[in-house]
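S.K.: Next come a sequence and a model predicted from it.
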Amino acid sequence: MKNYSTVVLGKETDEETRCSHFHSESDRIAIKFKCCNTYYACITCHEELSDHTVERWTRDEFDTVKAILCGSCRTELTISTYLNSESRCPNCRASFNPGCANHYHLYFKMDEKQTK
């Protein structure tokens with residue numbers, strides 16, 4: 001049984017954290033935003049529902065901060081674990097949307113080695 005104690009905010013979110021903006025089968029992660037320490041389904045949900053601007057996670061936080069939530073098994077992942085996951089949850093093996101890599105710069109301060 002899934003642990004739904006972790007609250008994910010968003011527009012029309014489903015049980016796997018998909019929202020009205022990103023709702024394909026593989027759109028099943030939520031991101032904890034540094035600025036408010038709150039999980040949102042996506043950056044657009046954050047922009048529409050919060051009253052502040054986004055603050056991105058810095059490189060020195062990637063290995064220590066759990067800021068990604070798998071919508072399938074509800075496991076929290078460090079940013080590094082997520083970035084190196086090859087688009088699958090390392091816990092339950094559910095697929096993540098590989099297209100999310102196009103948006104990493106919106107959530108994380110990336111260096112050249114990590115931008116694919």
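M.R.: Perfect, thanks for sending it.
S.K.: Going by C-alpha atoms from here, please, whenever you check contacts or count neighbours.
M.R.: Fine.
S.K.: Quick check: bridge partners of the residue most central in space within the chain?
M.R.: The residue lying closest to the centre of the chain (C-alpha atoms, centre = their mean) is Ile31, at 2.9 Å. Here Ile31 shows beta-bridge partners Tyr40, Ile68, assigned using DSSP bridges.
S.K.: Spit out the contact partners of it.
M.R.: The contact partners of Ile31, by C-alpha atoms under 8 Å, 6 or more residues apart in numbering, come to Thr38, Tyr39, Tyr40, Ala41, Cys42, Ala67, Ile68, Leu69.
S.K.: next one: His46
M.R.: Going by C-alpha under 8 Å, 6+ apart, the list of residues near His46 reads Leu9, Gly10, Tyr40, Val54.
S.K.: pLDDT weak spots in the chain?
M.R.: Counting by pLDDT under 70, the chain shows low-confidence ranges at 1-4, 112-116.
S.K.: What ranges does it have for its helices?
M.R.: 43-49, 79-83, 104-107 (DSSP state H).
S.K.: Quick check: buried residues in the first one?
M.R.: Residues of helix 43-49 classed as buried: Ile43, Thr44, Cys45, His46 (neighbour count, 16 or more other C-alpha atoms under 10 Å).
S.K.: cool, and the last one?
M.R.: The neighbour-count criterion (16+ other C-alpha under 10 Å) identifies Tyr107 as the buried residues of helix 104-107.
S.K.: Also stretch 10-28?
M.R.: Residues of stretch 10-28 classed as buried: 10-11, 13, 16-19, 21-23, 26-28 (neighbour count, 16+ other C-alpha under 10 Å).
S.K.: Put together CSV for these, with distance to Asn97 on each row.
M.R.: Below are the buried residues of stretch 10-28 laid out as CSV (distance: C-alpha to C-alpha, whole Å):
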residue, distance to Asn97
Gly10, 18
Lys11, 19
Thr13, 16
Glu16, 13
Thr17, 13
Arg18, 11
Cys19, 13
His21, 13
Phe22, 10
His23, 10
Ser26, 5
Asp27, 5
Arg28, 8
